[in-house]
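In: Got a sequence here, can you model it:
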Amino acid sequence: MANTLRISGLASGMDIDQIVKDLMKVERMPLDKLKQKKQLLEWQRDDYRSMNTLLQGLDDYLFSNITLQSSMLKKTVSSSNESVVTATAGSSAANVATTIQVNQVATSAVWLSDAAVRVDKASFSVAADTTLTINVTNGDGTTKQAAITVKKGTTLDGVIAQLNSNLDLGVSAFYDEQTGRVSIMKKEMGAQASLVLADQATVDFFAQKLGFAGAIAGQELTGKTAGKDADITINGLRTTRSSNTFTINGVTYTVKGTGTATVSVETDVDAMFNAIKGFVDKYNEVIAKINAELKEERYRDYPPLTDEQKEAMTEKQIELWEEKARSGMLRGDSILSSALSQMRMNVYTKVEGANIPSGFSQLAQIGITTSSNYLDGGKLIIDETKLREKIKENPDAVYQLFNQDGATDAEKGIARRLRDTIKATIGKIEQKAGKTIWTNQQFAIGRDLIEINDQIDRFEDRLKQIEDRYYRQFTAMEEAIQRANQQSMYLMNAFGGGMQG
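Out: Predicted coordinates for the structure are as follows:
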């Protein structure tokens, strides 16, 4: 309300607004200090969170590329005759050479409708809802029952689509308009495949609608060409499989045709080498950035700019100032320096345990050493030739060096140790600086920000009261001057009038 009654120097001739503004600059200085402190806390919070993002990136890499056997222990597989057999190998497969002679490939059973009975698509009709019940035996001998309800009015294409989509039936059916015949092929290969029509309603539908004229309830569907099992000889042992694809000792073979081929499984040295090299690069990046944060210069003569200061500067000047102002937010930080020391210990310390053979218990033994330049802050250096040799020599030992589990830290592999350290560090940083989905109440810096915001709100209320007081004082002065002027004019008029008399 007081603001609406302000008189700005009409009587005194003074610039009251400017005088109050200058007085308020002094009063506002503690508020500017609070806002600068708030800005510093926000910068520190954001820098902490960027460190967590960095650490999480290393942890994600370790999990996806080092911890998983499928990433580290990849295998290369070659076949001497890919027209006979191809293969893929899982990470658990041994490095072996296997000779496979394919005597016969597996085939699927096929049922063809009677050649003498042409199915006419144009005149095809379903007069009433009909349930088809078929007892199914797959090529490997497993059995199930398929039930398909064909609705009144369904077209021939609709019936074929229902047969194809029924998972229990497991067939690929089609209608050939040229011959007017229906073909039904079992998707699973193998000699034991059969389709038995379970009841008369099913028999009538297949006989009258689909052209299987000789169908009989409880018996195999007519027009069958039986499926065959794959007949193969593996390293001299003759055996059969209901499918052309089968897995033995972690190697999945796919038979293509008759003949003989040798399948060789070897460690994918490049895959493991690249995974480890990627880890070293990521580790070096992380420790370099943490070291940079810990050593970054703190320019205390460059506090955060106030809004008024920014108004008097160019964008480039603001950018250069704030670059120094927000420098060194985490300088010498105990959480980060402790994490860095622990990570170095994780990497350098020997890994103990039954799965770790001699010559594979430390990174240095497989060709990964620490830079001799102390300015590098513990950077890892790879001897590529030695690392490849060690991977070829014993890939499982290299994998265990990184991933062995154990009750103590000494028994844990390097990747497990690092992930433990990263998890603990991220937790500490979150307690200090939170994360984006947390409220300020949930972390230390956030609680400090709440307190500062409260102080700012209280101080701003106080400044409004001070400003109003100044204006009231100057308004009173203006009113006094105005009254004095009026009295002076009155006296001048009165004395002037008396002299004329």
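In: Next, count neighbours for residue 312.
Out: Residue 312 is flanked by 10 other residues according to other C-beta atoms under 10 Å. Bear in mind the C-beta positions are built from the backbone N, C-alpha and C, glycine included.
In: how near is it to residue 367?
Out: 59 Å (C-beta to C-beta, to the nearest Å).
In: Residue 287 too?
Out: For residue 287, the distance to residue 367 - C-beta to C-beta - is 19 Å.
In: show me where pLDDT drops low in the stretch 351-500 of the chain?
Out: 496-500 (pLDDT under 70).
In: Helices along that one, start to end?
Out: 384-393, 395-403, 414-433, 444-500 (DSSP state H, counting those that start in this stretch).
In: now the angle from the shortest one to helix 414-433?
Out: It refers to helix 395-403. Interaxial angle of helix 395-403 relative to helix 414-433 (axes from the mean of the first three to the mean of the last three C-alpha atoms, to 10 degrees): 20 degrees.
In: Could you figure out how far helix 395-403 is turned away from helix 384-393?
Out: 110 degrees.
In: Mind giving me the packing neighbours of helix 395-403?
Out: Judged by 3 or more C-beta pairs under 8 Å, 6 or more residues apart in numbering; DSSP states H and E, helix 395-403 is in contact with helix 69-72, helix 269-295, helix 414-433.
In: Just say which of the helices of the stretch 351-500 of the chain is most tucked in.
Out: helix 395-403 (a mean of 22; mean count of other C-beta atoms under 10 Å).
In: now it, how far from the centre of its chain.
Out: From the chain centre to the centre of helix 395-403 is a distance of 25 Å (C-alpha atoms, centre = their mean, to the nearest Å).
In: Also stretch 462-479?
Out: Per C-alpha atoms, centre = their mean, the centroid offset for stretch 462-479 relative to its chain is 60 Å.
In: wait, which of the helices of the stretch 351-500 of the chain is closest to residue 362?
Out: Of all the helices of the stretch 351-500 of the chain, helix 395-403 sits nearest to residue 362, with 7.9 Å by C-beta to C-beta.
In: taking the mean pLDDT, what do you get for the helix or strand containing residue 33?
Out: Residue 33 is part of helix 16-61 when elements are defined by DSSP states H and E. Averaged across helix 16-61, pLDDT comes to 87.
In: Helix 444-500 and that one, what's the angle between them?
Out: 170 degrees.
In: If you count contacts, what does helix 16-61 end up packed against?
Out: helix 269-295, helix 414-433, helix 444-500.
In: Reformat those as JSON lines; add distance to residue 71.
Out: Below are those laid out as JSON lines (distance: least, C-beta to C-beta, whole Å):
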{"stretch": "helix 269-295", "distance to residue 71": "6"}
{"stretch": "helix 414-433", "distance to residue 71": "11"}
{"stretch": "helix 444-500", "distance to residue 71": "37"}
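In: For residue 350, find the nearest of those helices.
Out: Here helix 414-433 is closest among the helices and strands packed on helix 16-61 (C-beta to C-beta), at 10.3 Å.
In: neighbouring contacts of the closest one?
Out: 44-45, 48-49, 51-52, 55-56, 58-59, 62-63, 66-67, 279, 283, 335-336, 338-339, 342-343, 346-347, 349, 351, 363, 401-405, 409, 412, 438, 443-445 (C-beta atoms under 8 Å, 6 or more residues apart in numbering).
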